[in-house]
Structures are given as C-alpha cells and as structure tokens.
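Asker: The amino acid sequence is not available; the structure is as follows:
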C-alpha cells in the first residue's frame, strides 16, 4: 500500500508535498474507501448524497489552487470556509472536525441497555458453545456500570448474536467449523 501511495505522489506533477498528498488521496482513499462506504450506506437508505464538490471541473479547479489557499496555519479548507462565511454561522464553519461514529457507549448504557443485556446474556450466544458467558456477562456489567467502555466488543458480540439468531430462526444451518470441500469428479481425474 505504501508503494501505491508513493507512486501516486510522484505522479502528482508537483514538488509540493501537500499537492502530492492530496493527489494520492484523490487516487486511493477517496475512491477506494470513504466514497465507497458513503455510497453503500446511502444506497441502503435510498438516498443520493453525492456532493457538488465531486464535480470534475470543480475538483480540477480546486486542485490548481495554491496550497496556501487550502491549508493555512493548520486550518484546512481555507478558501471554502472563507467563501461560506456569509452563509454559515462561524461556530459551525470553524468548529473542530467531528466523526460519524455512533454513540454506542451511551446507547448501550441508556436506551439499548436492556436489549444489550438480554441479547448478550441470553441463550443464543450461550448455546453456541463459543463464548465464556461469565466473561461476556462481565463485559456487559462493566460497561453498563460505567467502569469500562467495552462498546466495540459489545457491538461485535451483538452482531454475531444477531447472525446466530438469523441462522437459527431463518432455518439456515450453521456453517461447519471446518468446511468440507469435495472436488468435482472432473477435477480429480486431471
């Protein structure tokens, strides 16, 4: 992966490290990661979220701006923010960057508290024989009492519990622990 980024940076046509990094970002992370995730999530909800800033003419224009217009004294998107000052309140325009993460920590202690407890200490995970249910109960208890934040582990366990429930209730069979693959006779004859 590092070589791919380095190759794109060299292909940027500039000696400016900022321009090189931006070009590599346009060629790798945007199409291969973040835009793909946004597309999938929005399509799942029948939404169109493509922003006008992905227009190739606009992207080409913005790429040609001097780096100081894009990043100045640690402030990113300088020209865009200045252009929007008349339309967007300063406290929104210049606030620190925020991620799109779900507030699992508070949800699992608040509105989803009982659902998490029922799902993770119930029979579905226990009957699978895959988990130390005492340890799972400890994770739930520590999280819900505020002693520890186990939200990433609890989220993974909830997803797996949901999978197991779907397989069981949906009539599907659990996949074998070690899949047995039998080659077709034609493969054996070669």
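Answerer: Yep, that arrived. None of the values given here were measured: they were computed from a predicted structure.

Asker: Please tell me how far the residue nearest the centre of the chain sits from residue 72.
Answerer: Geometric centre of the chain, nearest residue: residue 37, 7.0 Å, by C-alpha atoms, centre = their mean. Counting by C-beta to C-beta, to the nearest Å, the separation of residue 37 from residue 72 is 29 Å. Every residue, glycine included, has its C-beta placed from N, CA and C.

Asker: What ranges does this protein have for its strands?
Answerer: In the chain, the strands defined using DSSP state E lie at 71-72, 75-76.

Asker: and those strands, which is most packed in?
Answerer: strand 71-72 (a mean of 13; mean count of other C-beta atoms under 10 Å).

Asker: Can you list the strands that that one pairs with?
Answerer: strand 75-76 (antiparallel) (DSSP bridges).

Asker: how about low-confidence regions in the protein?
Answerer: Within the chain, the stretches with pLDDT under 70 are 50, 171-190.

Asker: and the longest helix for the protein?
Answerer: helix 151-169 (DSSP state H).

Asker: Report the buried residues of that one.
Answerer: For helix 151-169, burial by neighbour count (16 or more other C-beta atoms under 10 Å) applies to 151, 154, 157, 158, 160, 161, 164.
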